[in-house]
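**Student:** fold the following.
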Amino acid sequence: MTIHPDTLPFFRELAQNNNRPWFMDNKPRWEAIRKQFEAFTQELLDRMSALDPTLEGLTAKGCMYRIYRDTRFSNDKTPYKTHIACFLSSWGKKNSGVPGYYLQVGSEEAYGLTGTCNLGGGIFMPAPASLAAIRQEIFYCPDEFLAIMSNSSYKRYFGKEFFTIKKLSRVPKGYPADWEHADLLKYKDYCTTHTLPEDAVTAPDFSDRVVEIWRASLPLNRFIQRAMEEVKDTL
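**Tutor:** Next comes the predicted model:
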């Protein structure tokens, strides 16, 4: 399955006309794009649930984000996002504090993500208890964690660094500063991210590419899920 062919043209135009009158005039286009993306998300969810049981029980509609921006605390008052996105989240919690699989298609820069398509896995903005649990698991199981990062598929798509909003300059309190893998504990987010070009997004095998890349993040997600087992019910 593919996304709607008008998806990228629509968002390019919206980026130049980010106002309610234009959007209302073009709302039928948006509805067609949203409907197709929901079906596309459902296919991804069906395929990934077979690999990651923590996704079971989710619905495609529940995994998708609204197009309306929250402008309450932003200097940018444009009303609409210029991308469409979904997040397949562990344990049925669609928020930024749980591990999952993210896909964003469009033309907007958000949290430093640029380009036509960004996708990956891991965890973004974990709660303090979750972040502490993840760091502890890394400290206790460094060889396992490093093996995940050194896997050929993982390195091919995600490289050596995690995507994070902020990285600490010092090792977190409670851990030895001279630990040989101390740099791994400095992240505040443990996200994998990969960018796809426009021709990949519009190709007939786009869903296969997405699943292939998400699958490369699966070992990391499992590691994080295990680390958070004792705190997940408090989120």
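**Student:** for the residue lying farthest from the centre of the chain, give its distance to residue 171.
**Tutor:** Most distant residue from the mean C-alpha position of the chain: residue 178, 31.9 Å away (Cα atoms, centre = their mean). Separation of residue 178 from residue 171 (Cβ to Cβ, to the nearest Å) stands at 9 Å. C-beta here means a position set from N, CA and C on the backbone, and glycine is covered the same way.
**Student:** what does residue 75 give?
**Tutor:** 34 Å.
**Student:** higher neighbour count, these two?
**Tutor:** residue 171 (17 against 5; other Cβ atoms under 10 Å).
**Student:** quick one: contacts for the more buried one?
**Tutor:** 177, 179, 182, 185, 186 (Cβ atoms under 8 Å, 6 or more residues apart in numbering).
**Student:** write the PyMOL selection for whichever of the residues you listed are buried.
**Tutor:** In PyMOL, this line selects whichever of the contacts of residue 171 come out buried by 16 or more other Cβ atoms under 10 Å:
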select buried, resi 185+186
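**Student:** list the contacts for residue 84?
**Tutor:** By Cβ under 8 Å, 6+ apart, the neighbours of residue 84 are 7, 11, 33, 34, 37, 64, 65, 67, 104, 105, 106.
**Student:** assign it to helix, strand or coil.
**Tutor:** Of the three states, residue 84 takes strand under DSSP: H, G, I helix; E, B strand; the rest coil.
**Student:** quick one: it and residue 171, what's the gap?
**Tutor:** Counting by Cβ to Cβ - residue 84 and residue 171 are separated by 39 Å.
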